[in-house]
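K.L.:
build me a model from this:
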Amino acid sequence: MQRRSFLRHASLGAAGAALAAPVIAQDAPVVQWRCASGFPRTAQMISGAADQMARYVSEATDGGFTIHIHAPGEIAPAQGVLDAVQQGVADCGHSASCHYYDKDPALCFDGAVPFGLNTRQMSAWMRAGDGLELTRKVFDRYGVLNFPCGYTGTQMGGWFRYEIKSVENLKGLKFRTGAFAGAVLKRLGVLAQHTEPEGIRAALEAGSLDAAEWIGPYDDETLGLHHAARNYYFPGWWEGTLQISLYVNRAAHDALPRRYQSVLTQACATAGADMVARYDVENPAALRRLVSQGTQLKAFPKAVMDACYQEALALYAELAAADPLFAQLYDSMVAFRDAETPWLRLAEGSYDAFMGTLPPRR
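P.N.:
You can find the predicted model right below:
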């Protein structure tokens, strides 16, 4: 409002008008970008964050900078968003880097890695630690800039047709999961595989999958996964949180006026904060609905968690030996996690534990 008021007053004088017009024209060019989304509309919270980001950008620039969101398959498949941005087919893309484990495992530190950071830790590592600087070194390999743009919170471990009581129960299990988690689980005999979200329920019902993980209560309920499997396990140790990012073609970003660059950064941050807030509102209600319909909540046995953790450590060692930047990212993340966890357990953990003992107010 102050900027508009200034310009209105400046335009009262002929000299003011003559000077203001070219400054505005140079500072606020019309820019239109295409954004490839990696998420279906069924993932409403995540896909909606891209819409919010684009709306904030347009409003902050009075429509000078607009970003058009394209659903998966329109200009790039869901798993091809990063390639589309790298090649300039899209100016930017909205995705999660854990989808690109097979392309470059180091990319996953921008999204989620097994036994990694929770939402608070990830946000702190990216904003005030080494996270953003180091992950951008990885994206430099592809001519792309990454901007954090949302968090899901800790995800659930998925829907299982059969109970998991021991590590032996994992052998031969046909499990739909992400590539990094799958690489860990394969070492324990799991038959990890990828299934598009829209096909998960049918695959569980048909028996071509024994288990599947998607995101959490709200999104899983939307897909109707509770109708196909009864046992709902936690936690999703492969995603202590999932950070969603906006990938931006570096050349396209560098061509923006600095004001537009700043607007884009802030729009991503605001849309990301909105996402985790909405998840914190919707997931508890969705979980109550699921339980009321017969869902059985079950924690992974400690022996299973321990076995998965040990295999994750072995895989990390192999990947770090093959890529010095992966090793640098892993060391930074682990050091940050190990320093943060005792504090969060002492402060918020103890508070939450006590509050959990109180009867709900009716």
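K.L.:
and the nearest residue in space to R278 that is not next to it in sequence, how close does it get to A183?
P.N.:
Distances taken as Cβ to Cβ, 6 or more residues apart in numbering place M45 nearest to R278, at 5.5 Å, with adjacent residues excluded. Yep, even glycine has a C-beta here, placed from its N, CA and C like the rest. Per Cβ to Cβ, to the nearest Å, M45 is found 27 Å from A183.
K.L.:
go on, F109?
P.N.:
15 Å.
K.L.:
between these two, which is the more surrounded one?
P.N.:
F109 (27 against 21; other Cβ atoms under 10 Å).
K.L.:
burial of the nearest residue to the more buried one once chain neighbours are set aside, as a residue count?
P.N.:
Once flanking residues are discounted, F109 sits nearest to L329: 4.6 Å by Cβ to Cβ, 6+ apart. Using other Cβ under 10 Å, L329 has 26 neighbouring residues.
K.L.:
does L329 touch E133 like I think?
P.N.:
No: taking Cβ atoms under 8 Å as the definition, L329 is not a contact partner of E133, at 10.3 Å.
K.L.:
hey, where'd the strands end up in the stretch 1-150 of the chain?
P.N.:
Remark: strands assigned in the stretch 1-150 of the chain by DSSP state E, counting those that start in this stretch are 31-37, 65-70, 92-95, 144-151.
K.L.:
just the ones you listed: most buried one?
P.N.:
Highest mean neighbour count of these: strand 92-95, a mean of 30 (counted as mean count of other Cβ atoms under 10 Å).
K.L.:
just the CA atoms of that strand, as CSV, please.
P.N.:
C-alpha atoms of strand 92-95 as CSV (Å, rounded to 0.1, in the frame of the first residue of the first chain):
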residue,chain,number,x,y,z
CYS,A,92,10.2,-24.6,-12.0
GLY,A,93,8.9,-27.8,-10.5
HIS,A,94,7.1,-28.8,-7.3
SER,A,95,8.3,-32.1,-6.0
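K.L.:
who touches the helix or strand where D331 lies?
P.N.:
Assessed by DSSP states H and E, D331 sits inside helix 324-344. Outside of helix 324-344, the residues within contact range by Cβ atoms under 8 Å, 6 or more residues apart in numbering are 105-106, 109, 113, 116-118, 120-121, 124-125, 129-131, 134-135, 137-138, 316, 319-321.
K.L.:
and with 7 Å instead?
P.N.:
Here helix 324-344 makes contact (Cβ atoms under 7 Å, 6 or more residues apart in numbering) with 105-106, 109, 116-117, 120-121, 124-125, 129-130, 134, 137-138, 316, 319-320.
K.L.:
which neighbouring elements make contact with whatever helix or strand E282 lives in?
P.N.:
Following DSSP H and E, one finds E282 within helix 258-292. If contacts are counted by 3 or more Cβ pairs under 7 Å, 6 or more residues apart in numbering; DSSP states H and E, helix 258-292 sits against helix 44-60, strand 144-151, helix 217-223.
K.L.:
deepest of the ones you listed, which one?
P.N.:
Highest mean neighbour count of the helices and strands packed on helix 258-292: strand 144-151, a mean of 25 (counted as mean count of other Cβ under 10 Å).
K.L.:
okay, now the sheet partners of the helix or strand just after that strand, with direction.
P.N.:
For strand 144-151, the following helix or strand on the C-terminal side (DSSP H and E) is strand 158-160. Taking DSSP bridges as the criterion, strand 158-160 sits next to strand 211-212 (antiparallel), strand 231-234 (antiparallel) in its sheet.
K.L.:
what pLDDT does R41 get?
P.N.:
Reading off the per-residue confidence, R41 sits at a pLDDT of 88.
K.L.:
for D51, see how far away it is.
P.N.:
10 Å.
K.L.:
so can I have JSON lines of the strands of the stretch 1-150 of the chain showing distance to A211 and mean pLDDT?
P.N.:
Listed next are these as JSON lines, based on distance: least, Cβ to Cβ, whole Å; pLDDT from 0 to 100:
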{"stretch": "strand 31-37", "distance to A211": "27", "mean pLDDT": "98"}
{"stretch": "strand 65-70", "distance to A211": "32", "mean pLDDT": "98"}
{"stretch": "strand 92-95", "distance to A211": "24", "mean pLDDT": "98"}
{"stretch": "strand 144-151", "distance to A211": "24", "mean pLDDT": "98"}
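K.L.:
want to throw those into a markdown table with distance to I244?
P.N.:
Shown next, in a markdown table, are the strands of the stretch 1-150 of the chain (distance: least, Cβ to Cβ, whole Å):
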| stretch | distance to I244 |
| --- | --- |
| strand 31-37 | 10 |
| strand 65-70 | 13 |
| strand 92-95 | 7 |
| strand 144-151 | 4 |
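K.L.:
which one, of the helices and strands packed on helix 258-292, ends up nearest to D254?
P.N.:
Of all the helices and strands packed on helix 258-292, it is strand 144-151 that lies closest to D254, at 9.1 Å by Cβ to Cβ.
K.L.:
and the closest one, what other elements does it pack with?
P.N.:
Using 3+ Cβ pairs under 7 Å, 6+ apart, the elements in contact with strand 144-151 are helix 44-60, helix 81-86, helix 119-127, helix 131-139, strand 243-249, helix 250-254, helix 258-292.
K.L.:
list of residues touching that strand?
P.N.:
By Cβ under 7 Å, 6+ apart, strand 144-151 touches 46, 49, 53, 82, 85-86, 94, 110, 119, 122-123, 126, 135-136, 139, 241-250, 253, 264-265, 268, 271-272, 275-276.
K.L.:
and those, which are buried?
P.N.:
When the contacts of strand 144-151 are checked for burial by 16 or more other Cβ atoms under 10 Å, the buried set is 46, 49, 53, 82, 85-86, 94, 110, 119, 122-123, 126, 135, 139, 241-250, 253, 264, 268, 271-272, 275-276.
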